[in-house]
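1. Provided below for reference: sequence and predicted model.
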Amino acid sequence: MSGGVHPAHPGEPLLYVYQADSGQGYGVYGVTDVFGVAKRRLVEALTAMPYGARGSIRRARLDILAVPYPSYRYGSAVACAWRDTRSGVIVAVGTLLESELAADDSGESPLSLWILDAAPPEGRR
């Protein structure tokens, strides 16, 4: 599996870690087991951030046997997104495995280009 994260222990679920960075010292980070949820939360975070904000979604697995405490093992990015510096439009591109397509609950094709009209909140330009 190219760019994937192989389970160290059978039964480890595939997770999606999303992160958005404003470029001004604050960000949003989270983890979920559903790609559609990660996609929605990333878009929500970028919509609330100033133009130029960037984010991504990466595959991960939780390694509960890591020492001294459990940690995530990260795979490659499956989606990258940014808020256009001139228009504020959020653009995202990504590639997913066939199994991830089947598990996506968003009702949209995660392989498509997302372009969302996202006007910035007042004072966030």
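-> Structure's in. What do you need? Remember, predicted model here, so these are calculated numbers, not experimental data.

2. and the next helix or strand past the biggest strand by length in the chain?
-> Determined from DSSP state E, the single longest strand within the chain is strand 71-83. As assigned by DSSP states H and E, the chain's next helix or strand after strand 71-83 is strand 90-94.

3. now the helices for the chain?
-> Remark: helices assigned in the chain by DSSP state H are 35-47, 98-103.

4. mean pLDDT lowest for which of the ones you listed?
-> Least confident of these, judged by mean pLDDT, is helix 98-103 with a mean of 53.

5. tally of neighbours for Leu46?
-> Number of residues near Leu46 (other C-beta atoms under 10 Å) recorded here: 25. Where C-beta positions appear, they are placed from N, C-alpha and C, glycine not excepted.

6. kindly report the same for Val43.
-> Count around Val43 with other C-beta under 10 Å applied: 20.

7. that one touches Ala92, doesn't it?
-> Yes: applying C-beta atoms under 8 Å as the test, Val43 and Ala92 come out as touching, 7.4 Å apart.

8. isn't Pro70 right up against Leu62?
-> Yes: using C-beta under 8 Å, Pro70 makes contact with Leu62 at a distance of 6.1 Å.

9. pLDDT below threshold where in the chain?
-> Within the chain, the segments meeting pLDDT under 70 span 1-11, 95-125.

10. one more time with 90
-> 1-14, 34-36, 39-40, 43, 63-66, 70, 76-80, 87-125 (pLDDT under 90).

11. and the gap between Val31 and Val78?
-> Per C-beta to C-beta, to the nearest Å, Val31 is found 14 Å from Val78.

12. and those two? which has more neighbours close in?
-> Val78 (21 against 16).

13. against Gly52, how distant is the more buried one?
-> 22 Å.

14. are there residues contacting both of Val31 and Val78? Which ones?
-> Shared contacts of Val31 and Val78, defined by C-beta atoms under 8 Å, 6 or more residues apart in numbering, are found at Tyr16.

15. just to revisit the earlier point, neighbour count for Pro70 and Leu62, which is higher?
-> Leu62 (17 against 10).
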